[in-house]
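Engineer: Fold the following and give me the result.
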Amino acid sequence: MDEKVRKRKFRWKKWIPIFVMMSPGLIYLFINNYIPIFGLVIAFKKVDFRVGIMNSPWAGLSNFTYLFKTPDAFIITRNTLLYNVAFIAINTSLSLTFAIFINDMKNKYCKKIYQSAVLLPYLMSVVIIGYIVYALLSPDKGMINNSILKPMGKSPVSWYMEPKYWPFILILVNAWKGVGYNCLVFIAGMAGISPGYYEAAQLDGATKWQQIKYITLPCMKTTIITLVLLNIGRIFYSDFGLFYQIPMNSGALFDVTNTIDTYVYRSLLQLGNIGMASAAGFYQSLVGFTLILICNFIVRKIDRDSALF
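Structural biologist: Here you go, the predicted structure:
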């Protein structure tokens, strides 16, 4: 009996340094991610700052009712959902394509250069990217109007007043910025594929496309599904900087750039409606959580090993 107790104590002592190393991260996670959850109560309150949030009267679902009675609810839901579906499909496809090309390079120095180049936009501030886009699209001094359209004899375009162009611009900017991170994740996954598979395929006369189709993609299936599931979980979480900073908060573009995140920001800081802003944020979290549960359930039914949980 004493021997078992000693073994248990030894096991606990072995894990103590790991728990000590984890504690700062766990404390930060608790403070940053879990304590703010109590703020969800604001979505069900008619906030009166004179008496404080907790003493404010309950509003029930009136904040949600007011939100969904406005035409903004459909616009922000449509924009958030459709943009993120496009981002997931395009970014995953481009990331996987770039990863296959870079991983197939024989020169390791060229490989490092391309990896750094494709990651660089991801590390850039969205404010800097916003000014790069403005340098291209500025109505007066933009490169596209002055260096491309004018020499071709075409009239300049007021890009920040024309909503029809912006779905394509935002998708292009998001792909340019976001492909690098996923690309490196896929490259790391491909590094774990045994070179013996490709050598055997070459001996059997397999083409490069056949090697990708029957070796690379099946081996990368779990990584691809995991990344897609994580992105689906964030499908109602839009990139605030992309939809606010890149269009320069132009009112003429609200119909195609207004998403849940920008709507919450404008409702809170510009309109001062804290209840409706909180209701929109709660709606965003609830739908995102439900979507990832449904998608994970479907994946689990098809392939149990590829599910997140």
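Engineer: Flag the shaky bits of the stretch 201-309 of the chain, pLDDT-wise.
Structural biologist: 306, 308 (pLDDT under 70).
Engineer: Quick one: end-to-end length of stretch 42-61, please.
Structural biologist: 11 Å (C-alpha to C-alpha, to the nearest Å).
Engineer: Flag every buried residue along it.
Structural biologist: Within stretch 42-61, the residues scored as buried using 16 or more other C-beta atoms under 10 Å are 42-45, 47, 56, 59. Bear in mind the C-beta positions are built from the backbone N, C-alpha and C, glycine included.
Engineer: Then stretch 209-218?
Structural biologist: Buried residues in stretch 209-218, counted by 16+ other C-beta under 10 Å: 211-212, 215-216.
Engineer: got JSON lines for those residues, with distance to residue 89 and secondary structure too?
Structural biologist: Shown next, in JSON lines, are these (distance: C-beta to C-beta, whole Å; DSSP: H, G, I helix; E, B strand; the rest coil):
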{"residue": "211", "distance to residue 89": "24", "secondary structure": "helix"}
{"residue": "212", "distance to residue 89": "19", "secondary structure": "helix"}
{"residue": "215", "distance to residue 89": "23", "secondary structure": "helix"}
{"residue": "216", "distance to residue 89": "19", "secondary structure": "helix"}
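Engineer: Tabulate these (TSV), appending distance to residue 127.
Structural biologist: Below are these laid out as TSV (distance: C-beta to C-beta, whole Å):
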residue	distance to residue 127
211	42
212	38
215	42
216	37
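Engineer: what does stretch 117-132 contact?
Structural biologist: Outside stretch 117-132, the residues that touch it by C-beta atoms under 8 Å, 6 or more residues apart in numbering are 98, 102, 173, 176-181, 183-184, 239, 241-242, 245-246, 248.
Engineer: ok so, going back, let me know the closest of the buried residues of stretch 209-218 to residue 159.
Structural biologist: Within the buried residues of stretch 209-218, proximity to residue 159 (C-beta to C-beta) peaks at residue 212, which comes in at 38.0 Å.
Engineer: Quickly find the element holding the closest residue to that closest one other than its chain neighbours.
Structural biologist: With sequence-adjacent residues excluded and distances taken as C-beta to C-beta, 6 or more residues apart in numbering, residue 212 is closest to residue 100, at 6.1 Å. If you go by DSSP states H and E, residue 100 is part of helix 72-103.
Engineer: If you count neighbours, what's buried in that helix?
Structural biologist: Buried positions in helix 72-103, judged by neighbour count with 16+ other C-beta under 10 Å: 72-73, 75-77, 79-81, 83-84, 86-88, 90-92, 94-96, 98-100, 102-103.
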